[in-house]
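>>> Sequence and predicted model, in that order:
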Amino acid sequence: MTETMIMMMFLFLMIFGFVHMCMLIATKHMVNYAAFAAARTAMVDGDRALAASGVLDNLRWWNAWVDCELGPSTPVRKCAVETETRDIRGKLREGVKATYRVPFGLPIFNAIPDGGIQVIGFAPLKVQGDIREHGDNRNVNTDKPIPCWILNRIGLPC
């Protein structure tokens with residue numbers, strides 16, 4: 001009976017640790033994807049924080065909507081998006097860093113900072129300079145009028 005209780009305690013600890021590691025791995029994957037989405041959005045001057053929020057809202061480890069903010073990560077912010085320069089394989093790369101705090105792991109780790117464990121994702125970003133507008137890059141709205149079939153479909157006069 002004693003051996004069974006010792007083994008059950010050991011198995012419970014192993015399962016608990018395995019579940020926590022799986023949750024951290026899934027979160028790391030999603031935070032990397034949030035950084036990628038924010039970098040893609042930054043290429044076209046979009047809202048990086050909104051893009052990261054849209055990805056991380058699928059996890060929602062906290063009991064609230066994920067609302068990423070631009071700027072550095074603090075213990076108060078659950079999600080932060082900022083631009084960072086990193087050395088990747090000997091080259092300095094500018095990119096977008098997404099940071100997300102997770103509430104799990106707190107009972108088993110003693111040295112956790114305020115706000116939970118911080119998971120960080122990074123995606124390189126290269127914003128092109130002046131792109132000439134011709135071919136596929138041309139601005140359709142200024143080069144030629146909108147076709148009548150599109151205007152008719154949305155209910156506007158041609």
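Structure received.
>>> now the helices: where do they sit in the chain?
Using DSSP state H, the helices found in the chain span residues 2-43, 48-56, 140-143, 148-153.
>>> and those helices, which one's lowest on average pLDDT?
For the helices of the chain, mean pLDDT drops lowest on helix 140-143, to a mean of 55.
>>> which residue is nearest the centroid of the chain?
With distances taken as Cα atoms, centre = their mean, A34 lies nearest the centre of the chain, 1.9 Å away.
>>> Can you say which of the helices of the chain is nearest to G95?
The closest of the helices of the chain to G95 is helix 2-43. By Cβ to Cβ, the value is 6.3 Å. Heads up, the C-betas are built off the backbone N, CA and C, glycines and all.
>>> how close does Y33 get to I15?
27 Å (Cβ to Cβ, to the nearest Å).
>>> Of these two, give the one with the bigger neighbour count.
Counting neighbours by other Cβ atoms under 10 Å for Y33 and for I15 shows that Y33 has the greater number, 17 against 10.
>>> longest strand anywhere in the chain?
Scanning the chain for the longest strand, with DSSP state E as the assignment, gives strand 91-102.
>>> CA atoms of that strand as PDB?
Extracted in PDB, the C-alpha atoms of strand 91-102 (Å, rounded to 0.1, in the frame of the first residue of the first chain):
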ATOM      1  CA  LYS A  91      23.700  40.000 -38.100                       C
ATOM      2  CA  LEU A  92      21.800  42.700 -36.400                       C
ATOM      3  CA  ARG A  93      18.100  42.300 -37.200                       C
ATOM      4  CA  GLU A  94      15.300  44.700 -36.300                       C
ATOM      5  CA  GLY A  95      12.100  42.900 -35.400                       C
ATOM      6  CA  VAL A  96       9.000  42.800 -33.300                       C
ATOM      7  CA  LYS A  97       9.000  41.300 -29.800                       C
ATOM      8  CA  ALA A  98       5.800  40.100 -28.300                       C
ATOM      9  CA  THR A  99       5.600  39.400 -24.600                       C
ATOM     10  CA  TYR A 100       2.800  37.500 -22.800                       C
ATOM     11  CA  ARG A 101       2.600  36.600 -19.100                       C
ATOM     12  CA  VAL A 102       1.000  33.300 -18.100                       C
END
